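> need a structure here:
(2 chains)
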There are 2 protein chains.
Amino acid sequence: MNRICDYLPFWKDLSEDQRSLLQNSARERSYKKGEILHGGSEDCVGLVLVKRGQLRVYTVSDEGKELTLYRLFERDMCLFSASCVLPSVQFDIMVLAEADSEVYMIPPLLYRTLMDSSIAVANYTNELMASHFSEVMWLMDKIMNKKLDSRLAAFLLEERELVGSDTIKITHEQIANHLGSIREVVTRVLNYLCSEGMVRLGRGSILLTDLKRLAELAESSRR
Amino acid sequence: MNRICDYLPFWKDLSEDQRSLLQNSARERSYKKGEILHGGSEDCVGLVLVKRGQLRVYTVSDEGKELTLYRLFERDMCLFSASCVLPSVQFDIMVLAEADSEVYMIPPLLYRTLMDSSIAVANYTNELMASHFSEVMWLMDKIMNKKLDSRLAAFLLEERELVGSDTIKITHEQIANHLGSIREVVTRVLNYLCSEGMVRLGRGSILLTDLKRLAELAESSRR
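Numbering: from 1, shown residues only, chains lettered A, B, ... in the order given. This next block holds a predicted model:
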């Protein structure tokens, strides 16, 4: 069985005191698929370290429109569920369990103490933030430069990799929430993909029938 | 006259050796309005610390479409012009002088050495990245949830604050580059704003004639 020390690359650089502080304060938590771990800026639950499962990190606009920023898998850490740790983080994210998940919760104050006393933890945080920043910049480029049909094709191919099957169980509403769109528009684009023979639409599921053309569409850009 | 120590909040936490290293390695540079300071990932010019002037940080898509991420003013520091300092930064930005500017250039290797030897520098870097991240997330929310007319109204009001005048000297092409759009679309939206009496269009300039309605439009959201 893995312990928290196996998940933290900076563990070897911590002092004995720092190690026992971390070991005594981190809490193991389980979440069922569909549960929300973190819901916006008012709660600062702490840093989430994924032991097992799959988490979705997303934003919600004032009007309730969602957009998936990135996903977290085993060994990933979520910094922004502890935004109180970094005063300059001025945005809210939501974190939801997309599969039954087990995580370590590291209390925000403890993590701040470690950042202020360990160069290794401070620079690990830098790399973690830079990698999340890179994912968001990649997403921004897609949103600015790809049409929705292209982003939807790319999304379906990514889901296929995640579930390991050509049949993806997902509603049009859920796809809209991943892509920052609305259900009606997603349905229109899916009907187009269906009429082109790239997918077949079932009740609550989508079968990918032409992977080659979906991949071409995913690669195409706006102009 | 200000020296580099007056610009760096972590100066007081550096050792004498670190201070003299920084003072001897940082270079003062001047850029004319319109000059590019940094152009993508292949060059890693170093950290740019603004003494005077105004810099624009933006991305360029594969097709050449630009999008302004944020601006830097006096005392601001640009981290991503030294992306080689952080291996997890996997995106390219451009930095251009929007006004005649004077900057300090801090060599990337020197900065990395400071990050690895000073907790204050490592955590300053964290706050700097978090604040840039927040600006990009704010922009993403605008792009996802505001129509172009609303973003253009907000842009014109921000420019008015920057230049201190109701007349803004800018081309439609330049506005398109700030907003990640194309000239034809910007011209169409400007003609609409003109027909509504919110702006008057001149040759290479725009006069804001109804600030109240522009502000209302800037606040309005997509649905």
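> so what's the most centrally placed residue in chain A closest to, chain neighbours aside?
Residue closest to the average C-alpha location in chain A (CA atoms, centre = their mean): A:Arg71, at 2.2 Å. Nearest residue to A:Arg71, sequence neighbours excluded (CB to CB, 6 or more residues apart in numbering or on different chains): A:Arg56, at 5.6 Å. Any C-beta I mention is one placed from the backbone N, CA and C, and that applies to glycine too.
> mind checking which helix or strand that neighbour is in?
Per DSSP states H and E, A:Arg56 falls inside strand A:55-60.
> And the longest helix along chain A, what's buried?
If you go by DSSP state H, chain A has its longest helix at helix A:119-145. Buried residues in helix A:119-145, counted by 16 or more other CB atoms under 10 Å in any protein chain shown: A:119-126, A:128-137, A:139-145.
> before we move on, the earlier item: how close does the residue nearest to A:Arg71 sit to A:Ala99?
A:Arg56 sits 10 Å away from A:Ala99, taking CB to CB, to the nearest Å as the criterion.
> neighbour count winner among these two?
It is A:Arg56, of A:Arg56 and A:Ala99, that has more neighbours when counted by other CB atoms under 10 Å in any protein chain shown, with 20 against 15.
> so what's the more buried one scoring on pLDDT?
With respect to pLDDT, A:Arg56 has a value of 95.
> and it, what does it touch?
Residues in contact with A:Arg56 (CB atoms under 8 Å, 6 or more residues apart in numbering or on different chains) are A:Thr68, A:Arg71, A:Leu72, A:Val95, A:Leu96, A:Ala97, A:Glu98.
> most neighbours, which of the residues you listed?
If you count neighbours using other CB under 10 Å, the busiest of the contacts of A:Arg56 is A:Leu72, which has 23 neighbours.
> ok, the residue lying closest to it once chain neighbours are set aside - contacts?
Spatial nearest neighbour of A:Leu72, excluding adjacent residues (CB to CB, 6+ apart): A:Leu55 at 4.2 Å. Contact analysis of A:Leu55 by CB under 8 Å, 6+ apart lists A:Leu37, A:Val48, A:Arg71, A:Leu72, A:Asp76, A:Cys78, A:Val95, A:Leu96, A:Ala97, A:Glu98, A:Ser101, A:Val103.
> follow-up on the earlier one: kindly calculate the angle that the strand holding A:Arg56 makes with helix A:119-145.
Angle, strand A:55-60 to helix A:119-145, by axes from the mean of the first three to the mean of the last three CA atoms, to 10 degrees: 60 degrees.
> How far does strand A:55-60 sit from its chain's centre?
The chain centroid and the centroid of strand A:55-60 are separated by 6 Å, computed with CA atoms, centre = their mean, to the nearest Å.
> cool, stretch A:36-47 as well?
Centroid separation between stretch A:36-47 and its chain, computed with CA atoms, centre = their mean, is 14 Å.
> Contacts for that stretch, please.
With contact meaning CB under 8 Å, 6+ apart, stretch A:36-47 is reached by A:29, A:31, A:48, A:55, A:60, A:77-79, A:81-85, A:91-97, A:103, A:105-108, A:111.
> Next step: the residues you listed restricted to strands.
The strands, defined by DSSP state E, take in A:29, A:31, A:48, A:55, A:60, A:77-78, A:94-97, A:103, A:105-106 from the contacts of stretch A:36-47.
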